[in-house]
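K.L.:
Please find the sequence and the predicted model below.
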Amino acid sequence: MNLLRTKPIEQSIADADEPGRKLKRSLSTWDLMIMGVAVAVGAGIFSVGAKAAANFAGPAVTVSFAIAAVTCALAIMCYAEFATAIPVAGSAYVFTYATMGELLAWIIGWNLILELFTAAAVIAKYWGIYLSKVFALMGADVPPALAIGGVDLYWGAFLIVAIFTVLLVLGTKLSARVGNIFTLIKIGVVLFVIVVGFTYVKVENYAPFVPAAEPTGGTGAADVLKQSFFGFLTGAAPAQYGTLGIFAGAALVFFAFIGFDVVATSAEEVKNPQKTLPRGIFGGLAVVTLLYILVSLALTGMVSYTQLAEADNPTLTTAFEAVGDTSAAKVIAFGSLIGLTTVIMVLLMGLSRVVLAMSRDGLLPRSLSKTSDKRSTPVRLQIICGAAVALVAGLTNVDLLEEMINIGTLSAFVVVSLGILVLRRKRPDLKPAFRVPFGKVLPVVSAVLCLYLMTNLAVETWIFFAIWLAIGLAIYFAYGQRHSRLNERFSVANAAVNGSAADAAVNGSAAGSKSGDEDEFTRA
């Protein structure tokens, strides 16, 4: 059992052209750039920054966003180098398979499924809640959930997932066009919020820029589970703010940047990926970083972070209400709804592409990787993914697992960053269109930063993550390892080698026997 066997890059590219399992190259630089913005600029822009400022970093949440952006940029450089060298669906899973072996590739693929599935389900549920808020602002009382047989059914999640599942089945280019329209609308809403927010800014609200660290006052098991894993390992008492608060805030707002690894999963559907992928990814990242920093500056300048901390669930709406501008709530609610819409679309597409890549390799059932002859989309798989996301979003309390999205993303970022070093050593003959500058330095820095941000996630998140990994390993050894196509190729190759060796041994034995007979005859 060779768990470290790697899949040749040439084989990955050949598998992408397998009849009945091919995807159509139809996306441009603009489509990729908008896709990155679409998945990153969601309702989180109106809430995640407020939570990070209120509970972790204060006005220094701007620095938290900058740290998260730099970390993401370093990792995305590694993704861009990989994607231009191996332009097929699957993203970090495919990259890991080519460099670090099948077992680690399975773990990364399993973590990507965790990230994309959980994110799609959480955001689909929030979409339904925001839809009810929009109805309420228009004077209509439409509850976000319906009680059916003692179970709360979040009907909005079913609706939005069904719509985008159909669009993705009809074609990636069509989905991208719809996403482009929604994305441009929400960028307009965000710019409106920034401009209006800056009219209420007071410089004194930025002081102190880095609030002094404060103990949370909790010592119970619940507080220990909620504290950062880094704090738990170092024995620090549960606390907030201060320098560590900035990094804890960065770990939280990193959620805002998860979209860019999803963009890399579309490599197989991109026209001229060697040039298009780097341009699209970095262009989208630049736009998103600028928008987030401007929003955080407006937010913490409008009101003191202490006012935000007093709210149970602080959002940008909390800040506008504090300055007396309640009319902005309508714009923010509308912007949140539009923002979440495109996020769901990109996540559903990314989820199906990762599963597609894993099923092509036999680690998941091969039947899942079949694509439509007419539309070149994985129709069956897209429907299965959509149904699973809708059921979890509509029927469970999935929002408890929000931080699982971040830990799944960061774990993939760590492996991809280190994988670049392995790729360069193993395949110096490859000449990808984009290479991470400064040799080994930036990939190593990227891996260290991502790992550190992982340790700033809560202890309970690490516990859930360990359970998820255990389930994944059980599935791999029970199914994936035995059905792996690479395993089949190794078995065939080994059988051929062993067969040749056996034939040689038999021939050698026969020759030796004949020679012995001749000697006997001569002696006689």
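P.N.:
Done, it's in.

K.L.:
Can you tell me how far residue 29 is from residue 309?
P.N.:
42 Å (C-beta to C-beta, to the nearest Å). Glycine gets a C-beta too; all of them are placed from N, C-alpha and C.

K.L.:
From residue 442, how far out is the nearest residue to residue 176 once chain neighbours are set aside?
P.N.:
Sequence neighbours aside, residue 31 is the residue nearest to residue 176 in space, at 4.6 Å (criterion: C-beta to C-beta, 6 or more residues apart in numbering). Separation of residue 31 from residue 442 (C-beta to C-beta) stands at 27 Å.

K.L.:
between these two, which one's more packed in?
P.N.:
Per other C-beta atoms under 10 Å, whichever of residue 31 and residue 442 has more neighbours is residue 31, with 25 against 18.

K.L.:
The more buried one contacts residue 280, correct?
P.N.:
Yes: the pair residue 31 / residue 280 is scored as a contact, 7.2 Å apart, by C-beta atoms under 8 Å.

K.L.:
continuing past the helix or strand containing residue 130, what's the next helix or strand?
P.N.:
Applying DSSP states H and E as the criterion places residue 130 in helix 102-137. Proceeding N to C from helix 102-137, the next assigned helix or strand is strand 146-148, under DSSP H and E.

K.L.:
List the neighbours of the helix or strand where residue 251 lies that are in contact with it.
P.N.:
If you go by DSSP H and E, residue 251 is part of helix 242-253. Contacts to helix 242-253, defined as C-beta atoms under 8 Å, 6 or more residues apart in numbering, come from residues 48-49, 51-53, 56-58, 60-61, 63-65, 67-68, 71, 210-214, 228, 230-231, 236, 239-240, 292, 403, 406, 452-454, 456-457.

K.L.:
In ChimeraX, how would I select the buried members of those residues?
P.N.:
To isolate the buried subset of those in ChimeraX, counting by 16 or more other C-beta atoms under 10 Å, use the following:
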select :48,49,51,52,53,56,57,58,60,61,63,64,65,67,68,71,210,211,228,230,231,239,240,292,403,406,452,453,454,456,457
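
K.L.:
Narrow the contacts of helix 242-253 to those in helices?
P.N.:
Taking DSSP state H as the definition of helices, the contacts of helix 242-253 contribute 48-49, 51-52, 61, 63-65, 67-68, 71, 230-231, 292, 403, 406, 452-454.

K.L.:
Run through the residues that contact the closest residue to residue 189 other than its chain neighbours.
P.N.:
Closest residue to residue 189 apart from its sequence neighbours, by C-beta to C-beta, 6+ apart: residue 335 at 3.4 Å. Residues near residue 335 by C-beta under 8 Å, 6+ apart: 46, 186, 189-190, 193.

K.L.:
how close does residue 335 sit to residue 97?
P.N.:
Counting by C-beta to C-beta, the gap from residue 335 to residue 97 is 39 Å.

K.L.:
What ranges does the stretch 201-350 of the chain have for its strands?
P.N.:
Taking DSSP state E, counting those that start in this stretch, the strands of the stretch 201-350 of the chain run over residues 214-215, 239-240.

K.L.:
Among those strands, which one carries the weakest average confidence?
P.N.:
Among the strands of the stretch 201-350 of the chain, strand 239-240 has the lowest mean pLDDT, at a mean of 71.

K.L.:
Please identify which of the contacts of residue 335 is nearest to residue 136.
P.N.:
residue 46 (16.5 Å; C-beta to C-beta).

K.L.:
Name the residues of the helix holding residue 251 that are buried.
P.N.:
In helix 242-253, counting by 16+ other C-beta under 10 Å, buried: 242, 244-253.

K.L.:
quick one: contacts of stretch 297-306?
P.N.:
Residues outside stretch 297-306 that contact it (C-beta under 8 Å, 6+ apart): 49-50, 53-54, 58-59, 61-62, 193-194, 197-198, 200-203, 205-206, 211, 308, 316, 318-320, 322-323.

K.L.:
how about the nearest residue to residue 404 once chain neighbours are set aside, what does it touch?
P.N.:
Counting by C-beta to C-beta, 6+ apart, the nearest residue to residue 404 once its immediate chain neighbours are dropped is residue 118, at 5.1 Å. Counting by C-beta under 8 Å, 6+ apart, residue 118 touches 398, 401-402, 404-405, 408.

K.L.:
So for residue 118, what pLDDT did the model give?
P.N.:
88.

K.L.:
Next up, identify which helix or strand residue 89 is on.
P.N.:
Following DSSP H and E, there is no helix or strand that holds residue 89.

K.L.:
Just give the number of residues close to residue 257.
P.N.:
For residue 257, the count of nearby residues is 27 (other C-beta under 10 Å).

K.L.:
Is it correct that it is in contact with residue 72?
P.N.:
Yes: Residue 257 is within contact range of residue 72, at 4.1 Å (criterion: C-beta under 8 Å).

K.L.:
Could you tell me which residues touch both of those two?
P.N.:
With C-beta under 8 Å, 6+ apart, residue 257 and residue 72 have common neighbours residue 285.

K.L.:
Now do the contacts for the nearest residue to residue 433 once chain neighbours are set aside.
P.N.:
Leaving aside its sequence neighbours, residue 433 sits nearest to residue 274 (C-beta to C-beta, 6+ apart; 3.5 Å). Shown in contact with residue 274 (C-beta under 8 Å, 6+ apart): 84, 87, 432-434.
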